[in-house]
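Undergrad: the following comprises the amino acid sequence and a computationally predicted model.
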Amino acid sequence: MTDLQVSLMAIGGAIIVGVISYNKWQEYRARKTVERAFSPSQDDVLMEGGVREAGGHERREPMIGAETPEQMAALSVEPDLPEDPAQSPSPVIAVKHEELPLDEIVDCIVSLVTEHAMRGEKILSQSQSLRHVGSKPVHFVGQRDDGGWEAIAHGTSYAALKAGVQLASRQTALNQIEYSEFIMQLRQIADHLDAEPAVPDMAAVMMSARHLHQFVHDHDAQLSVNVVSSGAPWAINTLMAALERQGFDFRPDGHVVMPDGEGGVLFSLSTNVTLAAESTSRLTLFLDVPRVAPAKDGFGAMTSCARMLATRLDGNVVDDAGQSLSAAALNEIARQVADFHAEMESADIPAGSTRALRLFN
């Protein structure tokens, strides 16, 4: 055979091998496409083991609201004790309960029913668009494989999911428009997650929202005492330096507050003048009663501070009408504050608690 014939035969053989390889590759792609179309989602494949306990028994889903935060905080994990007394068990380490961003009293909670576990990354990517409806915050929590609930986080899988919108705030109660918007957006998120929201009845939700807002309205108490100069006005620059030495904190938003030592505010202070003013003759101390726990004695701390400032600045402690506040009058107000705290406690919304801080925000 000539060189030309040999070359043509080699080229022809290469073409035949290429055609066969291409057909095999096409068959492989088609087979994988069909497998993906009729197999569970990737989340299912990765996480289906977390939905069931060992031995194939299905885990019972703990419902948010089955226990109060205090009851949930009291729960502890007890290890199985060995039958042999000589085998001493390891010490039980107390697990601190982390409060969830959803609360059965403060929020309208909607369960999202799904047949497979979900990755936190997927939930977060879909829920980013639903953070508020109107002025009401929205939160999501998920149930981990170990049965615990937490705010959705990256790198975790969740066997169940709940979403909630706050029922009331200082300003308003959740209304029908806000609730409808919440449910509409939640349905869209559920569609992307292959889940189905168990939507509560609107009439019942609206009634709960109105009752909760009425409670907030009835317990929205703020007290104040004033320190007025007995002589010349106080220079602002000198006054601010003195207040800072006394422990007041000057916040970036312009508020002057007395920290409670735990990241919160005990009471606040106003100079009653604009930032451009050079002097003032009146200081007002404010106590947001429902936001301060009784144990911190916000009213006692505020009045003690007012008396101290009056002594150091040559002033007098007076009420908003300019009348001197006697020890008897302050004791009567303290008694009323104690009664107020008792009412909030009986409603399971203690002053200074997470519930109270959310509602009286």
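TA: Yep, that arrived.
Undergrad: where does the stretch 151-300 of the chain have low pLDDT?
TA: Of all residues in the stretch 151-300 of the chain, none has pLDDT under 70.
Undergrad: could you pull out the helices for it?
TA: 176-192, 202-218, 236-245, 298-313 (DSSP state H, counting those that start in this stretch).
Undergrad: following element in sequence after the last one, please.
TA: The first helix or strand that comes after helix 298-313 along the chain, using DSSP states H and E, is strand 315-318.
Undergrad: so which of the helices of the stretch 151-300 of the chain is nearest Thr354?
TA: Closest of these to Thr354 is helix 202-218, at 14.7 Å (criterion: C-beta to C-beta). Placement of C-beta: from N, CA and C, glycine included.
Undergrad: return the most buried member of the helices of the stretch 151-300 of the chain.
TA: Comparing these by mean neighbour count (mean count of other C-beta atoms under 10 Å), helix 298-313 ranks first with a mean of 18.
Undergrad: helix 236-245 and that helix, what's the angle between them?
TA: Helix 298-313 runs at 130 degrees relative to helix 236-245, counting by axes from the mean of the first three to the mean of the last three C-alpha atoms, to 10 degrees.
Undergrad: which residues are in contact with helix 298-313?
TA: The contact list for helix 298-313 (C-beta atoms under 8 Å, 6 or more residues apart in numbering) reads 223, 225-227, 229, 234, 239, 242, 246, 258, 266-267, 283, 285, 287, 289, 292, 315-317, 325, 330, 333-334, 337.
Undergrad: likewise stretch 118-126?
TA: Here stretch 118-126 has contacts from 43, 46-47, 140, 142, 152-158, 161, 189, 192-193, 195, using C-beta under 8 Å, 6+ apart.
Undergrad: any idea which element the residue nearest to the spatial centre of the chain lies in?
TA: Residue closest to the average C-alpha location in the chain (C-alpha atoms, centre = their mean): Pro101, at 3.2 Å. Assignment of secondary structure by DSSP H and E places Pro101 within no helix or strand.
Undergrad: from Phe140, how far off is it?
TA: Spatial separation of Pro101 from Phe140 under the definition C-beta to C-beta, to the nearest Å is 8 Å.
Undergrad: give me the common contacts of those two.
TA: In contact with both Pro101 and Phe140: Ala151, Gly164, using C-beta under 8 Å, 6+ apart.
Undergrad: separation between Leu313 and Trp234?
TA: Distance from Leu313 to Trp234, by C-beta to C-beta: 6 Å.
Undergrad: oh sorry, the question was meant for Thr172
TA: In terms of C-beta to C-beta, Thr172 sits 39 Å off from Trp234.
Undergrad: who has more neighbours, the two?
TA: Trp234 (21 against 14; other C-beta atoms under 10 Å).
Undergrad: correct me, but the more buried one touches Ser279?
TA: Yes. Counting by C-beta atoms under 8 Å, Ser279 is a contact partner of Trp234 at 6.1 Å.
Undergrad: dump the residue contacts of the spatially closest residue to Phe299 that is not a sequence neighbour.
TA: Nearest residue to Phe299, sequence neighbours excluded (C-beta to C-beta, 6 or more residues apart in numbering): Val337, at 4.9 Å. Going by C-beta under 8 Å, 6+ apart, Val337 touches Leu223, Val289, Phe299.
Undergrad: what's around the first one, how many residues?
TA: The reference is to Leu223. Neighbour count of Leu223, defined by other C-beta under 10 Å: 18.
Undergrad: isn't it up against Ile333?
TA: Yes. Contact criterion C-beta under 8 Å: Leu223 and Ile333 qualify, at 6.9 Å.
Undergrad: which of the contacts of stretch 118-126 are buried? Put it as a ChimeraX command.
TA: Selection of buried members from the contacts of stretch 118-126 for ChimeraX, criterion 16 or more other C-beta atoms under 10 Å:
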select :43,47,140,142,152,156,157,158,161,189,193,195
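Undergrad: just the ones of the contacts of stretch 118-126 in strands?
TA: Members of the contacts of stretch 118-126 lying in strands (criterion: DSSP state E): Phe140, Gly142, Ser157, Tyr158, Leu161, Ala195.
Undergrad: quick check: the last one touching Ser111?
TA: No. Using C-beta under 8 Å, Ala195 is not in contact with Ser111; the gap is 9.2 Å.
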